[in-house]
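**Student:** sequence isn't available, so here's the structure alone:
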Ligand code: HEM
């Protein structure tokens, strides 16, 4: 059993909750006071939490057959048989179908499209006005993922699908259902149905129309999956493939805004070099400090043991990416923004830097997501100046870890 929390730890956790305006504060307190294995003490919600390379390797690699991805959460209700939430052979079948269009060798094919979609979003910006880079990044990421994977240009449809997509994300975000699984959730049925209808129309259009495409949608259709299962994979990829990139882009802007010296230096490199190493390091450091997916959620299929601490069958287990990335035993100045730490290759142990998870079920879109961040950031920084309006930002635990209330920046077009 994990050590019970002392009253002092409980009080420190509460203080951290108010100070950091996020449950990440109490998580850090519990990690510090209790260690690499603890249980969250909320009535009705008592998941076990592990972090650090040793535990992460167990969950992701050496004892992965003891855990299931499929939980009884809204994400499973929404994605049904999506590759993210199924286990075993069914998972492997879908994953194999979806890997080719995301293979690193294909990424160069997407670069020009990523730039063009970014330009469409910025074409609506007004000189000298402010934009919220959390919202703008979502538009860019959505246009890119839909075009890359399903050959669908959603620009004209954005006003129609925007709310249903935000509703789908809200549906799977932490909320009252965590404690009371059957809590009434009004207001979701209609928008989620609209989103389904939209995806089914894309499938139907493709089946009736153009043949010979080589994108993810075509791979799914050619494999003979039912429309229902194709919809499950599409919705999975649409959400997993854009909500994460949205958070990453927005955090990179937030961190550049909060660190003007680095911002100036990145701009200089972007202007004068073909590829900016510093931008790469900023993206990596952003993924360390604010990993868009900050925990992995599992159900225990067979009892697990972490240094004598048992997690019984059927319990919920989180492996914390956030805590692993901020472990002071591993990372020097763990809480500090320090992109230079990645300048000479990472020196921390394997499984200590896991923004894309690890093992056979590591993120299928890791290479795509990193290329996208680099291409979009480089293009935006070359085209506009971004002046941060210096407002407070805190990490919000939605479906991903987002900078809230947003990242408000004043923009001006650059001359060259
Ligand atoms: C910055 C961008 C991204 C980040 C930080 C990220 C992070 C992650 C993480 C941490 C996992 C593993 C979660 C776990 O172990 O529980 C994961 C899995 C996954 N990601 Fe990503 N992701 C990103 C982009 C993408 C993109 C662009 C796509 C699709 C094109 C995608 C699709 C998926 C899918 C389908 C899985 C499940 C894989 C499986 O179970 O086999 N992600 N992602």
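**Tutor:** Looks like it arrived, so ask away. A quick note: this is a predicted structure, and the numbers were derived from the prediction, not measured. Numbering: from 1, shown residues only.

**Student:** mind listing what the residue in the stretch 301-416 of the chain positioned nearest to the ligand touches?
**Tutor:** Nearest to the ligand in the stretch 301-416 of the chain, going by Cβ to the nearest ligand atom, is residue 365, at a distance of 2.3 Å. C-beta coordinates here come from the backbone N, C-alpha and C atoms, glycine included. For residue 365, the contact set (Cβ atoms under 8 Å, 6 or more residues apart in numbering) comprises 102, 237, 240, 241, 244.

**Student:** let's go with 10 Å and repeat that
**Tutor:** Residues counted as contacts of residue 365 (Cβ atoms under 10 Å, 6 or more residues apart in numbering) are 98, 102, 145, 148-149, 237, 240-242, 244-245, 356, 371-372.

**Student:** cool, residue 341 as well?
**Tutor:** Residues in contact with residue 341, defined by Cβ under 10 Å, 6+ apart, are 281, 284, 285, 288, 331, 332, 333, 347, 348.

**Student:** can you list the weak-confidence ranges in the chain?
**Tutor:** 1-3, 416 (pLDDT under 70).

**Student:** once you drop chain neighbours, what's closest to the residue most central in space within it?
**Tutor:** Centroid-nearest residue in the chain, with Cα atoms, centre = their mean: residue 244, separated by 2.9 Å. Leaving out its chain neighbours, the residue that sits closest to residue 244 by Cβ to Cβ, 6 or more residues apart in numbering is residue 292, at 4.3 Å.

**Student:** picking up where we left off before, pretty sure the residue nearest to the centre of the chain sits in a helix.
**Tutor:** Yes. Checked against DSSP: H, G, I helix; E, B strand; the rest coil, residue 244 lies within a helix.

**Student:** picking up where we left off before, so which of the contacts of residue 365 are also by the ligand?
**Tutor:** 102, 237, 240, 241, 244, 245, 356 (Cβ under 6 Å from any ligand atom).

**Student:** please, which helix or strand holds residue 205?
**Tutor:** Per DSSP states H and E, residue 205 falls inside helix 189-208.

**Student:** tell me what that helix is packed against?
**Tutor:** helix 74-79, helix 133-150, helix 158-172, helix 216-222, helix 227-258 (3 or more Cβ pairs under 10 Å, 6 or more residues apart in numbering; DSSP states H and E).

**Student:** what's the angle between it and helix 158-172?
**Tutor:** 120 degrees (axes from the mean of the first three to the mean of the last three Cα atoms, to 10 degrees).

**Student:** residues from the stretch 51-200 of the chain in reach of the ligand?
**Tutor:** Residues of the stretch 51-200 of the chain lying near the ligand (Cβ under 6 Å from any ligand atom): 83, 84, 95, 102.

**Student:** from residue 358, how far off is the third one?
**Tutor:** Going back to what we said before, that points to residue 95. Applying Cβ to Cβ, to the nearest Å, the value for residue 95 to residue 358 is 15 Å.

**Student:** residues contacting the closest residue to residue 143 other than its chain neighbours?
**Tutor:** Nearest residue to residue 143, sequence neighbours excluded (Cβ to Cβ, 6+ apart): residue 117, at 4.0 Å. Listed by Cβ under 10 Å, 6+ apart, the contact partners of residue 117 are 110, 139-148, 153-155, 372, 376.

**Student:** for residue 133, give me its contacts.
**Tutor:** Neighbours of residue 133 in contact, by Cβ under 10 Å, 6+ apart: 140, 246, 249-254, 256-257, 380, 386, 388, 403, 406-409, 411.

**Student:** again, but for residue 294
**Tutor:** So residue 294 contacts 24, 27, 247, 318, 320-325, 355, 395, 397, 400-401 (Cβ under 10 Å, 6+ apart).

**Student:** what about the residue in the stretch 51-200 of the chain that the ligand sits nearest to, which SS state?
**Tutor:** Here the residue of the stretch 51-200 of the chain nearest the ligand is residue 84; by Cβ to the nearest ligand atom that distance is 4.3 Å. Of the three states, residue 84 takes coil under three-state DSSP.

**Student:** so it touches residue 244, yeah?
**Tutor:** No. Taking contacts as Cβ atoms under 10 Å, residue 84 lies outside contact range of residue 244: 11.5 Å.

**Student:** shared neighbours of these two, anything?
**Tutor:** residue 363.

**Student:** circling back to that earlier point, between residue 95 and residue 358, which one's more packed in?
**Tutor:** residue 358 (22 against 16; other Cβ atoms under 10 Å).

**Student:** measure the more buried one to residue 335 for me?
**Tutor:** 23 Å.

**Student:** could you do residue 277 as well?
**Tutor:** If you measure residue 277 against residue 335 using Cβ to Cβ, the figure is 24 Å.

**Student:** tell me which of the two has more neighbours.
**Tutor:** Higher neighbour count among residue 277 and residue 335: residue 277, with 13 against 10, using other Cβ under 10 Å.

**Student:** got the contact list for that one?
**Tutor:** Taking Cβ under 10 Å, 6+ apart, one finds 266, 269, 339, 342, 343 in contact with residue 277.

**Student:** select only the buried ones of these in ChimeraX?
**Tutor:** In ChimeraX, this line selects whichever of the contacts of residue 277 come out buried by 16 or more other Cβ atoms under 10 Å:
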select :266,269,339,342
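
**Student:** which two from the contacts of residue 277 end up farthest apart in space?
**Tutor:** Largest separation among the contacts of residue 277 by Cβ to Cβ: 269 and 342, giving 14.3 Å.

**Student:** measure how buried residue 394 is and give me the count.
**Tutor:** The tally of other residues near residue 394 (other Cβ under 10 Å) stands at 14.

**Student:** that one pairs with what?
**Tutor:** residue 404 (DSSP bridges).

**Student:** would you confirm that it contacts residue 18?
**Tutor:** No. When contacts are counted by Cβ under 10 Å, residue 394 is not listed as touching residue 18 (11.3 Å).

**Student:** now do the shared contacts for these two.
**Tutor:** residue 25.

**Student:** residues of the helix holding residue 205 that come out buried?
**Tutor:** In helix 189-208, counting by 16+ other Cβ under 10 Å, buried: 191, 192, 194, 195, 196, 198, 199, 202, 203, 206.

**Student:** can you pull the buried residues of stretch 304-316?
**Tutor:** Judged by neighbour count (16+ other Cβ under 10 Å), stretch 304-316 contains these buried residues: 304, 306, 309, 311, 315, 316.
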